[in-house]
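Undergrad: I would like to see how this sequence folds:
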Amino acid sequence: MLHIVNKSPLDRNSLDTCLATAQPGGAVLLIEDGVYAATNGNAAAGKLTQAMGQLKVYALKADLEARGMADRVLDGVTLVDYSGFVDLVTDTPPANPGCNSFFRRHTMAIEINGKSYETDEEGYLVDLNEWNEDVAKILAEQENVSMTDQHWEVVNFLREYYNEFQIAPAVRVLTKAIGKKLGADKGNSQYLYELFPYGPAKQACKIAGLPKPTGCV
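TA: All right, here's what the predicted structure looks like:
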């Protein structure tokens, strides 16, 4: 049985519950904030290392990279990409049904009012011309971003930028360009990371229906 944990070991008891209920020979997949448990020096490192004597432990590589933790992974933890995630879920049915929403949003098209919108394995819209505000709202929800006027301002700026230059800007270029257009109070990393904590360029471009910026991992 596959147990999927997506909450930080510091915030919730999801990992403790998982380790307490998992049977020997089972598997644990850490995703989203759950990947913090797979890193050296965190409070759960000891119990996870001990559990690896009986369980296979996997962590989603993209989520570790998004948090800057890819170089701090515990020995014994196997990193998987989105394709590996799909294989795990397909081959080993998840013990927690709540993971199904994560599986759908990373491996299938999103659906709005009966219409499907294809996304790639990282959740980026495949056909940029299909983007609309309803699509953006769903993409934002999947990114745990609550859209405000400030978010829409950045998203609309990105779409205008892409229409003009035919490229999704990396974070440094984005910051400078927003500073010129919207003012220095908005053209800085702190402001943009508050809006899009997983990366102003990467996360905002996804919501804007644009390709992943060059240089983003």
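Undergrad: what segments of the protein are helices?
TA: Assigned by DSSP state H, the helices in the chain fall at 14-21, 45-51, 61-66, 82-91, 100-107, 133-142, 149-165, 171-182, 189-195, 200-207.
Undergrad: okay, those helices, which one's buried deepest?
TA: Ranked by mean neighbour count, these are led by helix 200-207 with a mean of 26 (mean count of other Cβ atoms under 10 Å). Just so you know, the C-beta spots here come from the backbone N, C-alpha and C atoms, and that holds for glycine as well.
Undergrad: run the chain-centre distance for it.
TA: Offset of helix 200-207 from its chain centre (Cα atoms, centre = their mean, to the nearest Å): 11 Å.
Undergrad: so it versus helix 149-165, what angle?
TA: Inter-element angle recorded for helix 200-207 and helix 149-165: 90 degrees (by axes from the mean of the first three to the mean of the last three Cα atoms, to 10 degrees).
Undergrad: show me the shaky parts of this protein.
TA: For the chain, the stretches flagged by pLDDT under 70 are 11-12, 92-108, 214-217.
Undergrad: care to break it down by domain?
TA: The record's domain parsing of the chain by automatic domain parsing lists 2-107, 128-207.
Undergrad: how about the ones you listed, which one is nearest residue 114?
TA: Nearest to residue 114 among the domains of the chain is domain 128-207 (12.1 Å), distances taken as Cβ to Cβ.
Undergrad: pull up the distance across the closest one, start to finish.
TA: The straight-line separation of the ends of domain 128-207 (Cα to Cα, to the nearest Å) is 11 Å.
Undergrad: for stretch 23-36, what is the distance to the chain centroid?
TA: 16 Å.
Undergrad: returning to what we had before: of the domains of the chain, which approaches residue 213 most closely?
TA: Ranking these by distance to residue 213, with Cβ to Cβ as the measure, places domain 128-207 first at 4.3 Å.
Undergrad: one step back: in CSV: the domains of the chain, plus distance to residue 113.
TA: Below are those laid out as CSV (distance: least, Cβ to Cβ, whole Å):
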stretch, distance to residue 113
domain 2-107, 17
domain 128-207, 8
